[in-house]
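A.B. asks: let me see the structure of the following:
(one chain, ligands or ions: 1)
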Amino acid sequence: MVRGTKRRRSPVEKPKAVALNRDDTILVDEDDVAVGDSQCPSTKSYARLVGIRRGVATIDLTDDNFVCGRGSEDATVNYNFSALVHDAGLYRFISKIQFAINRDADTRRVYLHDHSRNGTLVNQEMLGKGQSRELNNGDLISIGIPALIIFVYETADDNQYPEELVRKYHVTTHSLGKGGFGKVLLGYKRSDRSVVAIKCLNTQYSTRCSRAIAKARDIRNEVEVMKKLSHPNIVAIYDWITVSKYSYMVIEYVGGGEFFSKVVDSKYQRMGLGESLGKYFAYQLIDAVMYLHSVGICHRDIKPENILCTDKSERCILKLTDFGMAKTTAMSKMKTRCGTPSYNAPEIVANEGVEYTPKVDIWSLGCVLFITFSGYPPFSEEYTDMSMENQVMKGRLVFHSQWRHITLETQNMIKWMLTVEPTNRPSAVELMSTEWMKCADCRTAKQDIAKSLAKPVARFCATTTKMISFP
Ligand SMILES: Nc1ncnc2c1ncn2[C@@H]1O[C@H](COP(=O)(O)OP(=O)(O)OP(=O)(O)O)[C@@H](O)[C@H]1O
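C.D. replies: Numbers count the residues shown, from 1 in each chain. Down below sits the predicted model:
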């Protein structure tokens, strides 16, 4: 039930229950449902708490002091989270008075004041009882722990992002990562509050030297390529909005971080992920590349940093991303030297202006799998006995003690992928049809991928949210 200290009740209508969803029943006054329309002409909201978890309402803020919590006889709140009573994981964290939103009458700045025992977080940072923090447009508010995000704070007058973008998405200040051309922010679709990643690209400059020497990123090409793709191990694109020199790619949110972090995780002690887990991931990546090549796309920048994990579990689903260098092979010949040096195939490193083929992806994949199984890269500037260019051109591989735990079959597969002569290198189809791929780990991977497709789209939040105003 929603309780307000100073709520305006319609003199003629009684409050009634509005079923939002299975466990979303919230008591609202009918005149509270519509926000900012003619029913409350005298009270203009200065900001909004956008509810992004099932059962949390969206609230227009008009009062300078607004209190949220479980509430009780002796603790009056403006919003009482009672619809979350069945969401035990969250409800038990909520204090009678969780936090207050205060607007300074003079400066008009807005602060969140934490009153709770378990704490309130702004942008994943814990405030703690008695602490305050200024709120800015797009800030995330969580309860108890970072994952329990309940609101996005949105001001009425912020125009940091173009109207075309904010009309469809809540853009938060929470950064998921940075790339050479810009940042990636957490966002939510306005239509259903499902979570997305918003890649904000400045089309005019790159902060990375390696990219600065490459030709300017062709974002249109990147988007066109992504739009053609539909595969469980490839990040999906939902939307693309370009306004002046900024481009916003709205893509599938993949919450487990880069595969690179997994490979270098201290729990594996730089020994690699082992035969079983390695094959589980190898299946996913080979399947993704097989699909890509079957639709005539060459990625050209496969590396652990461009592979994302769906979650932090050991056996997660991998998603190939960053199609900034990708090429539609039927459209034109591939001759450009691009990609990341330590993952580049010899025919790219040779840089003779000779046409190369999608087999360059198989080489890069071989490098990724080499690290996955062993914990160290096959080619590196740090190996001082030979220049990296020579290591690659000669296909020089050194199998240290880490490989003692890996079968000869697996070692041979990696060697095959890292064959210098592209015509002798296998295609993804050939890799997939080997006996090596007919193992229990590959079958498990296939089943897990199918299960991941059956799950609803990743979300932090509710699919339906009613708006409630507190004049
Ligand atoms: N879909 C996503 N979901 C969650 N986090 C993401 C997503 N895409 C990217 N990130 C995070 O943002 C970081 C930067 O993304 P990305 O590498 O795609 O940017 P970029 O500008 O294309 O970089 P680059 O200069 O390598 O091309 C990633 O390393 C990752 O941590």
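
A.B. asks: got a list of what G375 touches?
C.D. replies: Residues counted as contacts of G375 (Cβ atoms under 8 Å, 6 or more residues apart in numbering) are V263, V264, Y268, Q269, R270, M271, G272, L273, Q402. C-beta: built from backbone N, CA, C; applies to glycine.

A.B. asks: closest to V195 out of the residues you listed?
C.D. replies: Nearest to V195 among the contacts of G375: V263, at 25.4 Å, using Cβ to Cβ.

A.B. asks: among the contacts of G375, which two are most distant?
C.D. replies: With Cβ to Cβ as the measure, no two of these lie farther apart than V264 and Q402, at 13.4 Å.

A.B. asks: common neighbours of the two, please.
C.D. replies: The contact sets of V264 and Q402 overlap at R270, G375 (Cβ under 8 Å, 6+ apart).

A.B. asks: just the ones in strands from the contacts of G375, please.
C.D. replies: With DSSP state E as the criterion, strands contain none of the contacts of G375.

A.B. asks: among the residues you listed, name the buried ones.
C.D. replies: Among the contacts of G375, those buried by neighbour count (16 or more other Cβ atoms under 10 Å) are V263, Y268, G272, L273, Q402.

A.B. asks: residues in contact with the first one?
C.D. replies: Taking Cβ under 8 Å, 6+ apart as the contact definition, V263 lies against G272, L273, P304, I371, T372, G375.

A.B. asks: one more time with 7 Å
C.D. replies: By Cβ atoms under 7 Å, 6 or more residues apart in numbering, V263 lies in contact with L273, P304, I371, T372, G375.

A.B. asks: kindly reformat the residues you listed as a markdown table and extend each row with secondary structure, distance to L318 and pLDDT.
C.D. replies: A markdown table is the format used below for these (DSSP: H, G, I helix; E, B strand; the rest coil; distance: Cβ to Cβ, whole Å; pLDDT from 0 to 100):
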| residue | secondary structure | distance to L318 | pLDDT |
| --- | --- | --- | --- |
| L273 | coil | 12 | 95 |
| P304 | helix | 10 | 95 |
| I371 | helix | 14 | 96 |
| T372 | helix | 10 | 97 |
| G375 | coil | 17 | 94 |
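
A.B. asks: thinking again about what came up before, possible to save the contacts of G375 as TSV with distance to the ligand?
C.D. replies: Formatted as TSV, these follow (distance: Cβ to the nearest ligand atom, whole Å):
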residue	distance to the ligand
V263	14
V264	14
Y268	20
Q269	23
R270	21
M271	24
G272	21
L273	19
Q402	26
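
A.B. asks: restricted to helices, list these.
C.D. replies: The helices, defined by DSSP state H, take in V263 from those.

A.B. asks: would you mark the buried spots in the longest strand anywhere in the chain?
C.D. replies: If you go by DSSP E, the chain has its longest strand at strand 169-179. In terms of neighbour count (16+ other Cβ under 10 Å), strand 169-179 has its buried residues at Y169, H170, V171, T172, T173, H174, L176, G179.

A.B. asks: is the third one bridged to anything, and to what?
C.D. replies: The partner list for V171 in beta bridges (DSSP bridges) reads G187.

A.B. asks: quick one on the thing from earlier: pick out whichever of the buried ones among the contacts of G375 sits closest to I149.
C.D. replies: Nearest to I149 among the buried ones among the contacts of G375, counting by Cβ to Cβ, is V263 at 28.3 Å.

A.B. asks: and that closest one, how far from Q204?
C.D. replies: Separation of V263 from Q204 (Cβ to Cβ, to the nearest Å) stands at 33 Å.

A.B. asks: list the buried residues of stretch 351-363.
C.D. replies: For stretch 351-363, the neighbour count (16+ other Cβ under 10 Å) marks Y356, T357, P358, K359, V360, D361, I362, W363 as buried.

A.B. asks: near the ligand, which residues of the stretch 51-200 of the chain show up?
C.D. replies: Selection of the stretch 51-200 of the chain residues close to the ligand by Cβ under 6 Å from any ligand atom yields L176, G177, K178, G179, G180, F181, G182, V184, A197.

A.B. asks: make CSV from the residues you listed and add pLDDT to it.
C.D. replies: Below are those laid out as CSV (pLDDT from 0 to 100):
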residue, pLDDT
L176, 93
G177, 91
K178, 87
G179, 80
G180, 76
F181, 78
G182, 85
V184, 95
A197, 97
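
A.B. asks: what's the most distant pair in the residues you listed?
C.D. replies: Within those, G180 and A197 form the most distant pair, 16.4 Å apart (Cβ to Cβ).

A.B. asks: who touches the longest strand of the chain?
C.D. replies: 50, 123-124, 136, 138-140, 152, 154, 161, 165, 183-190, 196-198, 250.

A.B. asks: inside strands: which ones of these?
C.D. replies: Those of these mapping onto strands are 50, 139-140, 152, 154, 183-189, 196-198, 250, per DSSP E.

A.B. asks: just the pLDDT at Y111, thanks.
C.D. replies: Listed pLDDT for Y111 reads 98.

A.B. asks: hang on, it packs against N102?
C.D. replies: Yes - using Cβ atoms under 7 Å, Y111 is in contact with N102, at 5.0 Å.

A.B. asks: can I see the domain layout of this structure?
C.D. replies: The chain breaks down into these domains under automatic domain parsing: 47-155, 163-252, 259-438.

A.B. asks: tabulate the ones you listed (CSV), appending distance to A454.
C.D. replies: Below are those laid out as CSV (distance: least, Cβ to Cβ, whole Å):
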stretch, distance to A454
domain 47-155, 20
domain 163-252, 11
domain 259-438, 12
